Every structure is written in structure tokens, then in C-alpha cells.
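Enquirer: Need coordinates for the following:
(chains A and B)
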Amino acid sequence: MVETESLHFRFLESSEAILEDVTVSIRQGRTILSGASGSGKSTLLALFNRLYPENCDGILDGRLELLGRSYDDYAPGEINQRVGTVFQDPDTQFVMERVEEELIFTLENLSTPVSDIEQRVTEILESLQLSDYRNRKIDSLSGGQKQRIAVACALVGRPEWLLLDEPLTHLDPVTAQEFVKWLDKMKDLNVIVVEHRPHLWGDYFDWHIELERGCVVRNESFRSVEDFSFVKSNASLSAIQRYKVKEVRRDSFQLNETVLHVRAGEVIAILGPNGSGKSTFLRSLTEHDHRVGLVPQSPEHLFFMNSVVRELQFGHETSIETVLSDMELHNQRFLHPLSLSHGQKRRLAVGIQSLSNKQLLAFDEPTAGQDEASLHALEALMKRHAEQGQTILFVTHDLSFANIANTFYLMKDGELSGPFGDELWQNTEMLLDYRLKGRGERCHSMT
Amino acid sequence: MSLHDMNPTVKFVTLTLIMFGLALFYNPRTPLVIIVGTLLIQLVATDVSWKKWGMFLIPFLITAIGTFWTTLVFGKNLEGETWMTILGQDITDEERRIAVALSLRVLAFTVLSLLFMMTTDSKRFVMSLMQQAKLSPTIAYSALVGFRFIPLLQRELQQLQYAHQLRGVPFNTKWERLRHVPKLLLPLLAGSIRRAERIAFSMEARGFTSGKRTIYDKVEVKSSDFVWSGVLLTLFGIAIWAGI
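Expert: Modelled structure (predicted):
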């Protein structure tokens, strides 16, 4: 489908190449394109459906053939009739209000004759077992359901290829597995998936291409990959502290009141499926207690000053120099906080909390969308603060990353249970019950 | 035959014409007839929730009363017989007549706008503008995406406010909230631009271009639309006649 030869790509405003001398040939079947953030994998995918270089100031050199023709041979929109794409974020993929309207919108774009539209919609929904969703409002669907609808929208135009750009990022592990299983049922589908955590896909793929800093470092048959591994924190535990989490009621949802007994130096993971109330729990914990600092899922939500230094200096007189060097931000001190990389933003957020002497640092979904290097940086950051005697608490879907914790809590329907130690991983009933493990799947291996 | 089914573009053009026309008449009877007539039509030919309608009306009712009061007290002094005395000021009959006319005009505009708003589905309106008024699909679908983004924007604003509150930004009084607004705008804007770019990519990947497309959901212009248009314009005619 795709043939490239010595492909080079860079953005006009920077001298750094995003892709360097990429020569690959992608054949029919299922291909994974893996690599760390910034390795160029998403750029390469955007070249495959011609979002790039059309929509960016980019310079492309080398040969790029899509479906047997050179990429610049296609009229705007033409390739999109033959290639369907699903993106990472379920919330920014839809134009219309209802599932049916969204499918019709896609078919109208492709100039499908009006008389065929009704039947095409019915067909695609039936073949993907999504007929029940036909009249549902898209906003009322869960992330996993939205991603399936996005696949339906990509396939309704009968493309020859399906591209998926990190489609599992916002899904919890069981939902992600169900999604992969569901995709696996479609036998004659040619897919290219961009993914930085190949293990989530089991043995779904035929071919594996890996990029590192814009260069191809792997181009071979796919073999199942082990997940990244993380090591339990061994910070010494001391004084017990008590935190009260107040009850929250909202429409049909209720978060029950709980009292947490935690120790300084303890690392705590809170696990549970999407929508179980984990974020509400964090909010209730942080709202009423000044000892708790919060690092939101988007750390930039905390920032409102116009430089790193001013951000750190806000609201107190303490010297910020130690924190600046601890967080390795001295070279960025005069930059605008919103212009930092994700890792730097997270360090800045943690730095802000350290300056206000928080005893408990709470992280909301810090692992979502992070690659291996970034996860290990997060691991090191959390462990260092635990060793300094702070308590670390984080909410996550990522069961491998959760390994760094000493203590686990589970959340379901607004009810927190725990604490659990490592014995949790032997308790199959409980893991199934909290959707940490899918039915009929091998037990999650823990180190 | 209900007003809900009327072609949105035809309805929009008709009501806009009436509103422009209304601005030319300076007597209290013309807007009064429009108000009464519109309410009758709304009663007979729509199933608008009057409770919701009433809620929307409240701010405009206050505006109308305000208009009445300010025109009476602060308006130009006109000669004539004294109607009554307020705060030591003599109000003439002529002054009262103008105050009533202006405030009724505000109400007539409101009632007409609400009639349109409450009997027209926003999606159908955009679709109709695209099909009848040759609005470009790029603008039409951007508008539809815009509608969907409003709740997302609200959610993000709440998250931002909450995060800033945690950092010790005071949000207790109205003034404190207001003062912090500029600091919320930049992150909100950055987030919106990111979202807009993603949705634009996603639309393009689904084959959306400014060029050719088929139209499945046809919003048609029917003869009944012109009947309705005629009814509304006749009402306007009666209103003009009543004012002479």
C-alpha cells in the first residue's frame, strides 16, 4: 500500500528533521508503527492519509507512493476515500450529534448517491455489531464506544486501508482489550496502527515498524512484545496521617465518604474503570485539605503566569532556586509555561506543589498517553518525592505502572475499597469485578 | 401544519423583514397587534413550552420596562397635556405614547425572535441555510462543530478555575472571579485551538472538502412555507393598518 524511499521530512520553522531517510514498504495485512513520542510515527501516518504535507508548512523529500501512485498525484480529499482514519482523542472526532448523522455526514463527503446512504449506514452498523447505537447521542457514549463509532465512520466509505492513531490512549485496560478483540474479528481489514505500547495489542499484528528519532530501527515480522516494567518504591515509611474524603453527590452519582490512613513515604495507586469516580475522589480529597497538592491530568491547567520563574514564585516568598534545579528547569526559567514539553510541565506542576509544602501529592491519570521514557521519568520523580517523606497518590489505568505502588485501592461506583497489598493480583474475582482484567484472559503478570 | 415544519430560511427571512418593517412605525398599536398576533399563532400552530418561553422572556420584559421608564423620565420633553407627575416632573400624553411605543417595540422584537428560536432546530437551520441560502459547507459544518464544543469548553473552564483555586487564587467574590478572567482566557484559547485543529484533521480524513458533496437530509421549500410567510406578512399588514 505504501512505498517510501529515502523519505525526509521537516517543518519549515525548525531545522530538525522529523523523518530521516525512511525506506519502508507496507504490504496488505496489519502493521504496527511504534516508537516514543517525537519519533515521527504520527507524522509518518499523517503523510499516509495526506493530512501532511498539505496542512502544514513541511518540506518533504524522497519518494512516497500511496496505493500505487505518487502522493502528489492525488486531488484533495481523494485519498481519503480509499484510506479511513481513526484518531486518538474520542472527543474531537465527531461533527454531528448522533451516530447515524455522523455516518451520513461521512457518506455525503464522499459523494455517495443519496439512494444508497440509508443502506450503507445499516450495513456498516450491522457488520460491526453497532446497530444499537444508531440513534444514540455521541456525547452520551463512553470512550470505548466512541472509538468504535469512529471506526465505523472510517469504514463506512469502504476504504482499502484503515489507519489508527493511538486509538487506545483514553481507554481503560479492559475496554482497550475488548476493542482490540472486536477489531480482530474483522478479518480482511488492512490496518496501520500507530502505538507506543505494542503489548496492549497481543498478537494482533503481522508486521512491525519501529521509529527512533525519525529513523527506522525495526522493520520485521511482528512478535508479541512484553510491556515496560516498573519497580516497586522502597522508600521508608513513617508517621501515619489521616485524610478525610468528604461525600459528593451529583445527579445519579454518589461518592461515599472515606477516611484514608496513609504513611509518609508511601506510594498509593487508585485503580478502577472509567467513570467509577476516581477523579471525583481526587477532587474531594484535594478540595478540603491544604496538605494535599494536585497534579491534574493536563498539568498546564495549573499555570497562569507568563514565565516558569513567576509561576513558581506565585503566592509565597520562599526561594525557588533549589526547586528549579531539582526539577531540571533552570534552562527554561524564562520560558512561558505553556510552551514547555509535557514532561517539563509535569515537573513544573510538581515543583509548584513542593514549594507550598504539600505532604501528599496526588496525580490524576499521569500515565495517559505517555511513552516509556516519560513513564520512567514519572516513576523516578514519584520515588524521589516518596523518599523525601511525601506521600504519593495516583489514579491510573495502567496496571504495569501501578507496580511502583506499595498500596492499592480500588474504586467502583463511587465506593473506595482497600487498602490492598500485592495479594490483590492473586484475587481473580476482585480483578474481574473491578474491570482490571477481562474475562477469559490470562492473569496479569506482575513483578 | 405546524410552524415547526416551516422551512427555517423562509421563516428567518420573513421574520427579519417584519422586524425591519416594525422599526419604521412609531405608534403603540402596530407592535401591540404584532405581539398579540404572534402569541395567537404560537398558541395555535406550535407546541412551544410556555414555561420555557416565559423564562426566556423575563430579561427582555425587564428591558422593556426599563425602556418605558427611562423614556418617560429622561426622554425629550414634549409639549402637551400633563398625564401625570413623577418625581416632580410633568409627563405629557405625547411622552407617554412614545414610551409605550418603544417598550412595546422591544417586546414585539422579543416575541418574534422567541417564536423563531423556539420553533427552529439549530441543526436544521444551518442545513437549510446551506441548501437554500448557499451558505458554504465549510462554514455550516464549522457552526455545527461549534455547537458541540460549547459543553466541552464549559467543562474545561471549570477544570481551570478549580486548578487555579487550588493554587491559592482567591475566587470568593464576584470581583475576584472577574479579575482572574484574563488569566483563564489564554489556556482556554490554547486548548480550543488544539481541539479545533484535531477536529479539522478528523473531518478532512473523512473526506470533507469544500467541494462536491451529496445531500441526504434535504430541507425543502414547500408551498405551505409560503402560506405561513403570507400569514405572518398579513399580520404585519393588519398591524400597520391598526396603527394608522
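Enquirer: Where does residue A:238 sit: helix, strand or coil?
Expert: Residue A:238 falls in the coil class when you classify it by DSSP: H, G, I helix; E, B strand; the rest coil.
Enquirer: ok, it - contacts?
Expert: A:263, A:264, A:265, A:389 (C-beta atoms under 8 Å, 6 or more residues apart in numbering or on different chains). C-beta: built from backbone N, CA, C; applies to glycine.
Enquirer: What remains of those residues if I keep only buried residues?
Expert: A:263, A:264, A:265 (16 or more other C-beta atoms under 10 Å in any protein chain shown).
Enquirer: any idea which of the residues you listed is the one closest to chain B?
Expert: Proximity to chain B was ranked across the buried ones among the contacts of residue A:238 by C-beta to the nearest C-beta; first place goes to residue A:264, at 21.3 Å.
Enquirer: dump the residue contacts of the closest one.
Expert: Residue A:264 is in contact with A:237, A:238, A:239, A:241, A:359, A:389, A:390, A:391, counting by C-beta under 8 Å, 6+ apart.
Enquirer: Could I get those residues in a markdown table, plus columns for pLDDT?
Expert: Listed next are the contacts of residue A:264 as a markdown table, based on pLDDT from 0 to 100:
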| residue | pLDDT |
| --- | --- |
| A:237 | 86 |
| A:238 | 84 |
| A:239 | 83 |
| A:241 | 87 |
| A:359 | 89 |
| A:389 | 87 |
| A:390 | 89 |
| A:391 | 92 |
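Enquirer: farthest pair in these?
Expert: A:237 and A:359 (13.6 Å; C-beta to C-beta).
Enquirer: Up against chain B, what does the stretch 1-150 of chain A have?
Expert: With the criterion set to C-beta under 8 Å from any C-beta of the partner chain, the stretch 1-150 of chain A comes near chain B through A:46, A:49, A:51, A:55, A:76-77, A:80-81, A:84-85, A:87, A:89, A:91-97, A:104-114, A:117, A:139.
Enquirer: quick one: which of the contacts of residue A:264 is most hemmed in?
Expert: Compared across the contacts of residue A:264, residue A:391 has the highest neighbour count, 26 neighbours, by other C-beta atoms under 10 Å in any protein chain shown.
Enquirer: Give me the pLDDT for the residue nearest to that one when sequence neighbours are not counted.
Expert: Residue nearest to residue A:391 in three dimensions, not counting chain neighbours: residue A:360, with 4.4 Å by C-beta to C-beta, 6 or more residues apart in numbering or on different chains. Per-residue confidence (pLDDT) for residue A:360: 91.
Enquirer: Quick one: end-to-end length of stretch A:350-367, please.
Expert: Terminal residues of stretch A:350-367 are spaced 15 Å apart (C-alpha to C-alpha, to the nearest Å).
Enquirer: Mind listing what's buried along that stretch?
Expert: By neighbour count with 16+ other C-beta under 10 Å, stretch A:350-367 contains the buried residues A:350-356, A:358-367.
Enquirer: Would you mind listing what in the stretch 151-300 of chain A touches chain B?
Expert: The stretch 151-300 of chain A comes close to chain B at residues A:153, A:154, A:157, A:283, A:286, A:287, A:293, A:294, A:296, A:298, A:300, as judged by C-beta under 8 Å from any C-beta.
Enquirer: hmm, the longest helix anywhere in chain B in reach of chain A?
Expert: Scanning chain B for the helix with the most residues, using DSSP state H, yields helix B:174-205. Yes: counting by C-beta under 8 Å from any C-beta, chain A is contacted by helix B:174-205 at B:180, B:183-184, B:186-187, B:190, B:195, B:198-205.
Enquirer: Generate a PyMOL selection restricted to the buried entries among those residues.
Expert: To isolate the buried ones among those in PyMOL, judged by 16+ other C-beta under 10 Å, type:
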select buried, chain B and resi 180+183+184+187+195+198+199+200+201+202+203+204+205
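Enquirer: just curious, which of the residues of helix B:174-205 next to chain A is nearest to residue A:164?
Expert: Using C-beta to C-beta, residue B:205 is the member of the residues of helix B:174-205 next to chain A that sits closest to residue A:164, with 11.3 Å.
Enquirer: I'd say the closest one and residue A:48 touch.
Expert: No: counting by C-beta atoms under 8 Å, residue B:205 stays clear of residue A:48, with 10.4 Å between them.
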